[in-house]
Structure formats: structure tokens, C-alpha cells
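# here is the input, now give the coordinates:
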Amino acid sequence: MGLAVTHSPRRLTTDALAVTSSKGIRVLLEREPSAVWAGIGAADVGVGWNTAAVINETTPDLPDAAAGSLPPTAQAELAGTAWEELPHFCTGRHGVPDTPDILGAVLAADPAHRVRAVGDLYRLLLNQERVFPATAPAALVLARLLDDPRTLAEDRWERRAGRRPLRAELLNWLASFADIARLGVEDGVGTAQDLTAARAARPMLHDRIADFCDDDPLVREAALAATALLLADSSLASSVPRYAPAVRAVLAVSVDSYYRWIARERLAAWGEDVTGLVAAEEEHHAALDRARALADDPFGEGQEQAIRWLEAQPEDTAAPEQPGRRREDRIAPTQAAPHEPAPKPPVAAPGSEAGYQGPWRIAREEERAEWTFTPYIGVGPLHFGMTLEEITSALGEQPTISSYSHHDEDHQLNYADFAESGIRALFRGGRLGCVAVNALTGPQVRLDTAPLTGCVPSHVEDWLVHRTTLRPGSLTYSPAADPVFTDLGLAIRSQRAGDVVLTRPLFLRHDWLDLWHSLPSEEWNCS
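Residues are numbered from 1 along each chain as shown. Below you'll find the predicted structure:
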């Protein structure tokens, strides 16, 4: 990214933010950042950036975060790191915030900014179970935030079910970081240099996290999970006897399946007997399978009892695709059908003849906006986790249709259609989780310059299968036979265009990959 925004080493207030342009110009913002942005100019922002978008999408978090201020130790850690040399997953793309912006927003006064920042920690700094140059330094800054009273604020976070304090969710992120740090380069989780930096941070993280292993239950579980994984560092081996009893007593019986897995795996690595824990886990899964089978059988005996039993079970709060539990699934990737010639890239439908205004009118190439996407981050100007208001601002239009579901007095936004842009934004918990692009009128979204919108579905599917590195579970199909490419967070659905069907690409967050249980009926009917 052309601009590196860091907090000035001087007192952190809304009066002082330091901005470094791509030309090395360091500017101290005094009260009115907009004037300085205007002085820097679009040329410094970088290729593909829109200056107005940078101001609208990135800068709002900065004054908010600065007003709340970070703890002095975190400020020092932040200011002492050369972030411009430490990229995350997609630094400089799509107006995505740099690491200092994300860290500054973690303690933002606005809850929506906090939730977005925590989501960005996963999406940008641990994307697809990998560490990046910015990941280990960011972990050290986050560890400095844990004792701040503002981390006691509760919310619903993108990665896990239920409400929990920010402190617990930051510890969960650090646990994921520690889990990945135990893996090797051969596991595809990062370069040797980045993994070395991650492992070097473990003793310091352990010292900061240890104080929270006796906190309230949710924080305690997260702290113990992170600690157990950090103890994989040989320099911390002497601390194992201190934590092993709590790992068995707390984590091994948690409702969170990831915590239970950590307990079994770590206790076994420490030479303790986990036979009973393994047997209990197997019986638990067997009981769930039996109950689900009964609940799904309308003609069998015990359906109602099974449904009631399942409803009474505590919700598993584990996040999807936890790093360590997929280690056994990591195999050398195989390219799909290497012996077959590569199919030609798909070609978008040419569009309707000039002057045609019928119901099946297909936009011509020059009429479509050009968008790109970053898997699990966002598409075009939209980023997963946005609210409806943020999407409206980014697109510059109001939704033509907004659909809500009603549960008692609770109104949940399901989706919003933006006719001018040609997209449908789908929500869960009020936050963007899926973007469906209209095959007839939507923007042309490209992957490796190949179009994904408004093409022959089989051509897109064949091309994606051939170009995608396949591993177990990387290609699935919905009940409607829509291909879902899990490494890309992309599903290819079909939409009628008169007598033909064209591709309606869906861009998804991790927890939307199960289309059958994620998409509302209105989306299934859009074909």
C-alpha cells in the first residue's frame, strides 16, 4: 500500500497521527487529516487506489482509535515496528487497512469498528491458516492490549458463536497464532522466516497471557488454550506441570470442541493418559450422530425426543477450520487433471443488442463495472463484515429491496438488493457474509483476468477446476449442484437469462460455504 499510517511516538490523541506516503514523505496530521490527505494526492496512494475510497473506508477508524488511545506499552510496540516492511495477506489491495490501522481499531469506541478489526486480524494476519511478516509483531502488540479494561466489552465476533468479551476473542486469536506456529514450512503455513519470527514471540506471549488463566470462565478457557499451545516451545517446557491440571480440568470438558481437541492433543504430547478423554469424545460424537439421524427421520420412533435432546445441547463455539485439527489433512497438493489440456478461459456473454430493454436484457461489457476480489476478504469496494450502512456508502446507492426476518421483537437483516450495482448483499448478524453478483446486470468480477460473471456455467466450472490446486474438501457441491471452491470462497450458481443460463458468482465468508444452510430461499429462487 502506498500509505503507511502509524501512531506518532508523541502523545497519542486525535491531534497526532503520522502518515508515510509511498515516496517516503512522513506527515504529522494535526486535527484535520483530510487536508493532509488532499496534499498527498492520488499518485501516492498507489495503483488501483481511489483517494476518496481511501479516505472514506480507512480513515474513519483512525480518529476513533486514537481518541480512545492504546495503552502506552502497546503504543511503544506499535511505534517501534517498521510496518511498511511487514506486509499482511493483501497489503495495498482493495483499500484494505494496514496492520497498524487494524491494531488501532481493536479498542475503538465504536463496537462495529472493534468487530471489524478482530475479523481483519483473522482475514489478513492469519489468512487460510498462514502467518505473514506482520503476524508475529501484531501478536506482540495485541498481547499488550489484554489488560486494558476496554477488552472486557462483550460482543458477537465473526469467528465464533455466542457473546464473549473482546479479551477472550483476542486470546482466541493468539491461540490460533500459537497453533500455526507449531507447524512447519512443509505444512504450507508460512515461510521459514515468518515461522521463525512466530516461534520467537512465544515466550513473550506466554508471559503476557499467563495472568489470564485464572480469569472469568470464557477468558480463562481462551487463555489456557493459548497457553497450552505456546508451551510447544521447548524453552517453556518447565511450565507444563503448572498448567496440565487446568488443561485437563477446564479445557477437556469445555463445550468448545477446539478447546477439547487442544486438551487431548497437548496432554498426550506431555505424556499423560488421554484414553478416557478420547473415549468420551467419541461417545459424544456418536450420540450426536444418532440423535441427528432420528431427528431427520419423520417416520422413525423418537424423532421428537431426539429433536428436544439436540436443542438442549450446548452450542459448540469452536470456529470453523481450526489450524491444528486440519494438520492430518495437509497433503502435497495435486493439480486437477494434469494430463488434460487446459480449458480456455471463460468468456462473458456479449450482451443484448443495443436498444433492447426487455426483462432478460444482459448488460454489455462496456456497461459493467470492473471488480476484482480477494478470497475471504471482499469483492470490489465491499469487505466482509460490513454493515448495511457501510455498504450503502461504499456503493453510493440505497438498496432497492431489503429483506428482514422477524423473531419476536428481533428484526434480522437477511439481504439487500442494489439494482444499480447489480449485486445482492447477504447478511448474518447484521454483517456482510456473502455477495451475489447478478448475471445479467452485475459487475464483471475477474480472477486472473478471466471473467466470472455472465458466462456459460460449465465453462467457468471447468476452468476453475483445472486452475485450482485441489486438496480434500477444496471443491464441494451444493444440493443444487453448484460448485463451491473453498480455497477461493467462491460458488458458481446459475441464473436464467431468457432461454439460456449464465453464471451468478457468489463470494463467501468461511461460515457461508454450506450454501444449503446459509442462503435464504429468495436466493435459491433466483435462478
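# tell me where the model's unsure across this structure.
Applying pLDDT under 70 to the chain flags residues 1-68, 93-95, 320-340, 408-409, 469-473, 527.
# tell me the centre residue of it?
Central residue of the chain (C-alpha atoms, centre = their mean): Arg123, 3.8 Å from the mean position.
# if I look at that residue, how far off is Gly430?
18 Å (C-beta to C-beta, to the nearest Å). C-beta: built from backbone N, CA, C; applies to glycine.
# quick one: the strands in the stretch 151-300 of the chain?
154-156, 163-165 (DSSP state E, counting those that start in this stretch).
# so which of these is nearest Gln444?
Proximity to Gln444 (C-beta to C-beta) singles out strand 154-156 among the strands of the stretch 151-300 of the chain, at 34.3 Å.
# so what strands line up beside the closest one?
The pairing partners recorded for strand 154-156 under DSSP bridges are strand 163-165 (antiparallel).
# tell me which of the strands of the stretch 151-300 of the chain sits most buried.
strand 163-165 (a mean of 18; mean count of other C-beta atoms under 10 Å).
# how about the helices of the stretch 351-500 of the chain, start to end?
With DSSP state H, counting those that start in this stretch as the criterion, the stretch 351-500 of the chain has helices at 388-395, 457-467.
# give the buried residues for the first one.
Of all the residues in helix 388-395, those buried under the rule 16 or more other C-beta atoms under 10 Å are 388, 390-392, 394-395.
# would you mind pulling up the elements that that helix packs against?
Contacts defined by 3 or more C-beta pairs under 8 Å, 6 or more residues apart in numbering; DSSP states H and E place helix 388-395 against helix 51-57, strand 382-383, strand 410-418, strand 423-428.
# redo the ones you listed as CSV? Include distance to Val141 and mean neighbour count.
Shown next, in CSV, are the helices and strands packed on helix 388-395 (distance: least, C-beta to C-beta, whole Å; neighbours: other C-beta atoms under 10 Å):
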stretch, distance to Val141, mean neighbour count
helix 51-57, 22, 16
strand 382-383, 22, 24
strand 410-418, 33, 17
strand 423-428, 29, 23
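# in a markdown table: these, plus distance to Ile307.
Shown next, in a markdown table, are these (distance: least, C-beta to C-beta, whole Å):
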| stretch | distance to Ile307 |
| --- | --- |
| helix 51-57 | 45 |
| strand 382-383 | 38 |
| strand 410-418 | 22 |
| strand 423-428 | 23 |
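# returning to that earlier point: which of the buried residues of helix 388-395 lies closest to Ala416?
Leu388 (5.8 Å).
# quick one, what contacts that closest one?
Taking C-beta atoms under 8 Å, 6 or more residues apart in numbering, we find Leu388 in contact with 399, 402, 413, 416, 425, 427, 430.
# quote the end-to-end distance of stretch 139-153.
20 Å (C-alpha to C-alpha, to the nearest Å).
# not counting that stretch itself, show me its contacts.
Stretch 139-153 is contacted from outside by 68, 70-71, 73-74, 77-78, 81, 103, 106-107, 111, 114, 121, 165-167, 170-171, 173-174, 177, 198, 201, 204-205, 208-209, 211-212, using C-beta under 8 Å, 6+ apart.
# now, those that are in helices?
Within those, residues falling in helices by DSSP state H are 68, 73-74, 77-78, 103, 111, 114, 121, 166-167, 170-171, 173-174, 177, 198, 204-205, 208-209.
# name the helices or strands packed onto the lengthiest helix in the chain?
Among the segments of the chain that qualify as a helix by DSSP H, the longest is helix 275-295. Under the contact definition 3+ C-beta pairs under 8 Å, 6+ apart, helix 275-295 sits against helix 257-269, helix 303-312.
# deepest-packed of the ones you listed, please.
helix 257-269 (a mean of 21).
# between that one and helix 275-295, what angle do the directions make?
Interaxial angle of helix 257-269 relative to helix 275-295 (axes from the mean of the first three to the mean of the last three C-alpha atoms, to 10 degrees): 150 degrees.
# in PDB, list the C-alpha atoms belonging to stretch 264-274.
C-alpha atoms of stretch 264-274 as PDB (Å, rounded to 0.1, in the frame of the first residue of the first chain):
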ATOM      1  CA  ARG A 264      -6.300 -34.100  24.300                       C
ATOM      2  CA  GLU A 265      -3.500 -33.200  21.900                       C
ATOM      3  CA  ARG A 266      -1.400 -31.300  24.400                       C
ATOM      4  CA  LEU A 267      -1.900 -33.700  27.300                       C
ATOM      5  CA  ALA A 268      -0.900 -36.600  25.100                       C
ATOM      6  CA  ALA A 269       2.200 -34.700  23.900                       C
ATOM      7  CA  TRP A 270       3.100 -34.200  27.600                       C
ATOM      8  CA  GLY A 271       2.900 -37.900  28.200                       C
ATOM      9  CA  GLU A 272      -0.400 -38.000  30.100                       C
ATOM     10  CA  ASP A 273      -3.100 -40.700  29.600                       C
ATOM     11  CA  VAL A 274      -5.900 -39.400  27.500                       C
END
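# please consider this matter closed, and thank you.
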